[in-house]
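[1] Sequence and predicted structure below; questions after.
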Amino acid sequence: MATILVVDDEAQIRKFMRISLGASGHQVIEAEDAGAGIDLVRSTGVDLVILDLGLPDMDGQDAISAIRERSTVPIIVLSVRAQEVDKVEALDRGADDYVVKPFGIGELMARVRVALRQKQSGRADPAALQVGSLTMDFVRRVITRDQIEVHLSKREYALLQFLAATPDHVLTHRQILKAVWGPAHVDDTAYLRVYINQLRQKLEVDPTAPRIIVTEPGVGYRLVTS
């Protein structure tokens, strides 16, 4: 059972989340504004924060930054803001995922499970990862598909390793480019797209319909394990 903090100024949303998350065995605590939510993160040691962006006392984007100054707790944004710029900013500020209202409870619960699983694993780079017939052994630095070794360039390997460090987690173009290519290349999204396509050609069963490295339109990419 996890302790989940829901920060939302809409009482109906908080009630719905309390019932839905409680039905899955989680303990839910609530805050109706950013200040109270930030205080609860500091004082209670919650396992996950579900955060609205339209809060009465502070913009939710600033709340993400404030939480990140104090804690590495996973943050899922739950917001009516559907613009790509809002998603990218939230993720760049440190949110772990972004769900747009109105939302399906099944999708949200899947995102909750992923965020909690990553927290429990300590987010350490995995020694190995299995996705269907694809095996990624980061200790031996060997990637195989259908038990046949796949040869990657140094940059392709670094890109795959970075995506695999947080599986099922959306990473923005800027986050990927900064980590793999360096701060001078954070705007080179066309360059990133070329390398993503090269990885898909080598790793996906059907590169034209990728199921392992999927695109989050206008935002970035996610390595999917389920």
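    That came in fine, so what should we check first? Numbers count the residues shown, from 1 in each chain.
[2] And the helix or strand bottoming out on mean pLDDT in the chain, what does it pack against?
    Across the helices and strands of the chain, mean pLDDT, DSSP states H and E gives its lowest value to helix 105-120, namely a mean of 85. On a contact count with 3 or more C-beta pairs under 8 Å, 6 or more residues apart in numbering; DSSP states H and E, helix 105-120 meets helix 11-23, strand 48-51, strand 75-79, strand 97-100. Any C-beta I mention is one placed from the backbone N, CA and C, and that applies to glycine too.
[3] Sheet partners, orientation included, of the second one?
    Strand pairing for strand 48-51, determined by DSSP bridges: strand 3-7 (parallel), strand 75-79 (parallel).
[4] any residues touching the least confident helix or strand of the chain, and which ones?
    Here helix 105-120 makes contact (C-beta atoms under 8 Å, 6 or more residues apart in numbering) with 2, 4, 20-21, 24, 26, 47-48, 50, 73-74, 76, 78, 96-97, 99, 166-169.
[5] What subset of the residues you listed is buried?
    Buried members of the contacts of helix 105-120, scored by 16 or more other C-beta atoms under 10 Å, are 2, 4, 21, 26, 47-48, 50, 73-74, 76, 78, 96-97, 99, 166-169.
[6] residues in contact with Val99?
    So Val99 contacts Ile76, Val77, Leu78, Ser79, Glu107, Leu108, Arg111 (C-beta under 8 Å, 6+ apart).
[7] Between these, which sits nearest Ile13?
    Looking at the contacts of Val99 and their distance to Ile13, the nearest is Leu78, at 7.8 Å (C-beta to C-beta).
[8] show me the contacts for that closest one.
    Asp8, Ile13, Ile50, Leu51, Asp52, Val99, Lys101, Phe103, Leu108.
[9] ditto for Asp187
    Arg174, Leu177.
[10] Now do the same for it: helix, strand or coil?
    For Asp187, the assignment made with DSSP: H, G, I helix; E, B strand; the rest coil gives coil.
[11] before we move on, what about Leu160?
    Note that with three-state DSSP, the state of Leu160 is helix.
[12] what's near enough to touch it?
    Contacts of Leu160 (C-beta under 8 Å, 6+ apart): Met136, Ile143, Leu152, Leu199, Leu203, Leu223.
[13] Work out for me the element the closest residue in space to the last one that isn't next to it in sequence sits within.
    Just to be clear, that refers to Leu223. Nearest in space to Leu223, with sequence neighbours left out and distances taken as C-beta to C-beta, 6 or more residues apart in numbering, is Leu163 at 4.1 Å. If you go by DSSP states H and E, Leu163 is part of helix 154-165.
[14] Give the other helices and strands that the very next helix or strand once past that helix contacts.
    Using DSSP H and E, the next helix or strand after helix 154-165 towards the C-terminus is strand 171-172. Applying 3+ C-beta pairs under 8 Å, 6+ apart, we find strand 171-172 packed against helix 84-93, strand 220-223.
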